[in-house]
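Could you work out the structure for the sequence below:
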Amino acid sequence: MSPTDDPRSFFTRPDGSYQFARWGRPIVPVVFGVEDQTLSIIKGAIEAVVTLARHRMAETDPELGANLMVFFLRDWGELLATPNLDRLVPGLEGLVARLGRENANQYRLFRFDGQGAIRAAFVFLRMDAHLSDLPAETLALAQAVQTILLWSDGAFAGTSPLALAGETVILRPEIADLIRAAYDPVLPAATQDPTHALRLAARMSLRGRQ
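Next comes the predicted model:
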């Protein structure tokens, strides 16, 4: 379903509840487990999506230092050897065991402030055969998109947020419009009111007529 038709599906939980959240503070990314060339690609993708949203990046977060942490791994067990990660991710040992049982290749975890806005995100990528086959630019852009908002579990289950324009991977225009609408400063940074989706749709429709 296109977000232009009904943005609710992109923020509706499996139990039917609506939960929307965007970042409430500047984003400060840090990336672990990649070479410098790949690091620049990942940070470039994050910056591009943040700029699209008309949000902000910063050099440091006063509370956490970095608030968007991206980990590239060969095995989930590597997380258990990461110093102090268990302080940032409660129940880390159980999470690692579950991801191993499910043979997962990625996992995202969000933390929220008192108003419900995103204050931190952790992205864990186990580089299996599928992820390793993706170009770095594609993988970086996909992860940047999936951490700019708190999407529903099934938001991109049927259709990727990315598309090909010739030989270049780009963000699908309707997803780009949804991200821009979501960061309209008039709208709340977090809400569980499903009528919020109508306000998103109105802004996307207005943009489409411009």
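
Show me what the helix or strand hosting Ala21 is packed against.
Using DSSP states H and E, Ala21 falls within strand 20-21. Under the contact criterion of 3 or more C-beta pairs under 8 Å, 6 or more residues apart in numbering; DSSP states H and E, strand 20-21 touches strand 190-191. Where you see a C-beta, it was placed from the backbone N, CA and C, and this is true even at glycine.

Go ahead and name everything in contact with the strand it packs on.
Tyr18, Phe20, Ala21, Arg22, Gly24, Phe112, Gln115, Gly116, Ala117 (C-beta atoms under 8 Å, 6 or more residues apart in numbering).

just checking, Trp151 touches Phe10?
Yes: contact status for Trp151 versus Phe10: in contact at 5.8 Å, counting by C-beta atoms under 8 Å.

ok so, going back, of the contacts of strand 190-191, which is the most crowded?
Phe20 (27 neighbours; other C-beta atoms under 10 Å).

hang on, that residue packs against His196?
Yes: counting by C-beta under 8 Å, Phe20 does reach His196; the two are 5.7 Å apart.

and the next element down the chain from the helix or strand encompassing Ala97?
Using DSSP H and E, Ala97 sits within helix 92-101. Following helix 92-101 in sequence order, the next helix or strand is strand 106-112 (DSSP H and E).

on that earlier part again, tell me the mean pLDDT for the helix holding Ala97?
Mean pLDDT, helix 92-101: 96.
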